[in-house]
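Undergrad: Take a look and give me a structure for this.
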Amino acid sequence: MNLSAPEIIAALSLFSLQPSKVQWQPLGNGLINQTLLVDDNGDKFVLQQINQQVFPSPNAVVDNAMLINQCLKDRGAAYSLISIAPLPSLHGNLLEKINGQYWRAFEFVTGSHSIDEINDPVIAHAAASAFSHFSSALAPLNPALLKDVIAKFHDVTYRLDNLSAAVTLNKAGRVESAQGLLAQLNNQQDFITLMLDTLSILPLRVTHNDTKINNLLFNADNKPLAVIDLDTCMAGYLLHDFGDMVRSCCSSLAEDSPDIKQMRFKPDIYDALLQGYITGANGEITEQEIASLPLGARLMPLVLSMRFLTDYLEGDNYFSTQYPTHNLVRANNQFKLYQLTTAMLS
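TA: Residues are numbered from 1 along each chain as shown. Model (predicted):
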């Protein structure tokens, strides 16, 4: 955690009447925002500092979340999961700025937990159904009403262009150490062309865009409770959401494991995710979208490999890292997953 105690107390002063008596601890293992679990004399809530390098318009992030929460609230019993509401500050604001940094707070779901790895097809089916249920419940919300908080977030050609620019600049002097992976990534044009043709016939939806499994809360019986981390919710395609679930659930290794020769794809988990996702959509998915889901499973590790490698070449400005080659390890890991997924599904 990079936040200092004075920074945290200053932020807490806007959300708690007695910030000096509040206890806090890091929450989750996200790579972007700084997130804390706060215990305010027995009342718990989540406090978060928004990463402005990733989200240059924090107000857009908050506005999108408000639209989504309102839509889910309006669905009533048609949405069976918990919709986690933002908490206003003592001044009644959903976003507060301190020393140039933006802070916000959320409800904490007592008795909930997240999962980083799934090996049980039953849990995989339930998780996929929950994420799909989230998207289908948002069908009445016009995607055009949401702001693009990260432009071209899953656009594979844009990510490849960014990677090429990072190679040209070689800002961190690391290109030489990434030559092998660069050659492999630049050799995926046939798949990229296939993806562009597929996307041209699919409808835009309101999508989560970051459906890794730890963005779902479970109860003590491992039943889904709530979809969380709505920061990247905007217009997108269902294959992106499905693909990110597969990416985070179907590898036998963590996404930053360097031991990629030991990586295995979990076909039973994939099958459970696919069936769960279709079931959870409750008819709010077209046949063309169903046919596109396996392509999404291939696309997302490829895109993330490009993003990790770009960040590595640029000096690790986007993703949090623990050592100098961390993003290079992640990039190699995700490309290996792309290869395994392609071999399994193509």
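Undergrad: Every contact and neighbour count from this point should use C-alpha atoms.
TA: Noted.
Undergrad: Skip ahead from the one helix or strand in the chain whose mean pLDDT sits lowest and say which helix or strand is next.
TA: Counting by mean pLDDT, DSSP states H and E, the chain has its least confident helix or strand at helix 5-12, which shows a mean of 83. Of the helices and strands lying after helix 5-12 in sequence (DSSP states H and E), the nearest is strand 23-26.
Undergrad: Contacts for that next one, please.
TA: For strand 23-26, contacts defined as CA atoms under 8 Å, 6 or more residues apart in numbering pick out Met1, Gln34, Thr35, Leu36, Leu37, Val38, Asp39, Asp40.
Undergrad: Inside strands: which ones of those residues?
TA: Gln34, Thr35, Leu36, Leu37, Val38, Asp39, Asp40 (DSSP state E).
Undergrad: Look up the pLDDT of the nearest residue to the third one once chain neighbours are set aside for me, please.
TA: Right, the one you point to is Leu36. Of all residues not flanking Leu36 in the chain, Pro26 sits nearest, at 4.5 Å (CA to CA, 6 or more residues apart in numbering). pLDDT for Pro26: 84.
Undergrad: now swap in Ile84 and tell me
TA: We have a pLDDT of 89 for Ile84.
Undergrad: Next: Asn29.
TA: On the pLDDT scale, Asn29 gets 65.
Undergrad: Likewise for Pro58?
TA: 91.
Undergrad: pretty sure it is touching Tyr102, no?
TA: Yes - counting by CA atoms under 8 Å, Pro58 does reach Tyr102; the two are 7.2 Å apart.
Undergrad: Which residues are in contact with each of these two?
TA: Common neighbours of Pro58 and Tyr102, using CA under 8 Å, 6+ apart, are Ile50.
Undergrad: circling back to that earlier point, need the max-distance pair from the ones in strands among the contacts of strand 23-26.
TA: Greatest spacing in the ones in strands among the contacts of strand 23-26, by CA to CA: Gln34 and Asp40 (18.5 Å).
Undergrad: Gln322 versus the most centrally placed residue in the chain, what's the distance?
TA: The chain has Asp210 as the residue nearest its centroid, 2.3 Å off, counting by CA atoms, centre = their mean. In this view, Asp210 and Gln322 are 22 Å apart by CA to CA, to the nearest Å.
Undergrad: what sits against Pro140?
TA: Applying CA under 8 Å, 6+ apart, one finds that Pro140 lies in contact with Cys71.
Undergrad: where's it relative to Leu337, distance?
TA: 35 Å.
Undergrad: likewise Asp116?
TA: 17 Å.
Undergrad: likewise Ile150?
TA: Separation of Ile150 from Leu337 (CA to CA): 24 Å.
Undergrad: more neighbours, the two?
TA: Between Ile150 and Leu337, Leu337 has the larger neighbour count (other CA atoms under 10 Å), namely 28 against 16.
Undergrad: which strands and helices sit next to the helix or strand harbouring that one?
TA: In this structure, Leu337 sits in helix 326-345 according to DSSP H and E. Judged by 3 or more CA pairs under 8 Å, 6 or more residues apart in numbering; DSSP states H and E, the packing partners of helix 326-345 are helix 287-314.
Undergrad: Report pLDDT for Gln48.
TA: Reported pLDDT for Gln48: 89.
Undergrad: Tell me how far it lies from Gln189.
TA: Distance, Gln48 to Gln189, using CA to CA: 39 Å.
Undergrad: between those two, who's got more neighbours?
TA: Legend: neighbour count by other CA under 10 Å for Gln48 and Gln189, higher for Gln48 (19 against 12).
Undergrad: on that earlier part again, how about the contacts of strand 23-26 in a markdown table, adding pLDDT, distance to Arg330 and neighbour count?
TA: Output for the contacts of strand 23-26, formatted as a markdown table (pLDDT from 0 to 100; distance: CA to CA, whole Å; neighbours: other CA atoms under 10 Å):
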| residue | pLDDT | distance to Arg330 | neighbour count |
| --- | --- | --- | --- |
| Met1 | 47 | 20 | 9 |
| Gln34 | 80 | 20 | 19 |
| Thr35 | 86 | 22 | 23 |
| Leu36 | 87 | 25 | 21 |
| Leu37 | 88 | 27 | 19 |
| Val38 | 88 | 31 | 22 |
| Asp39 | 89 | 34 | 15 |
| Asp40 | 83 | 37 | 19 |
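Undergrad: Out of the residues you listed, which comes closest to Asp256?
TA: Met1 (18.7 Å).
Undergrad: Now do the buried residues in the helix holding Leu337.
TA: Neighbour-count burial for helix 326-345, counted by 16 or more other CA atoms under 10 Å, picks out 326-338, 340-342.
Undergrad: now stretch 68-80
TA: The neighbour-count check on stretch 68-80 (16+ other CA under 10 Å) flags Ile68, Asn69, Cys71, Leu72, Lys73, Tyr79, Ser80 as buried.
Undergrad: would JSON lines of those with distance to Ala126 be doable?
TA: Below are the buried residues of stretch 68-80 laid out as JSON lines (distance: CA to CA, whole Å):
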{"residue": "Ile68", "distance to Ala126": "22"}
{"residue": "Asn69", "distance to Ala126": "22"}
{"residue": "Cys71", "distance to Ala126": "22"}
{"residue": "Leu72", "distance to Ala126": "19"}
{"residue": "Lys73", "distance to Ala126": "22"}
{"residue": "Tyr79", "distance to Ala126": "15"}
{"residue": "Ser80", "distance to Ala126": "13"}
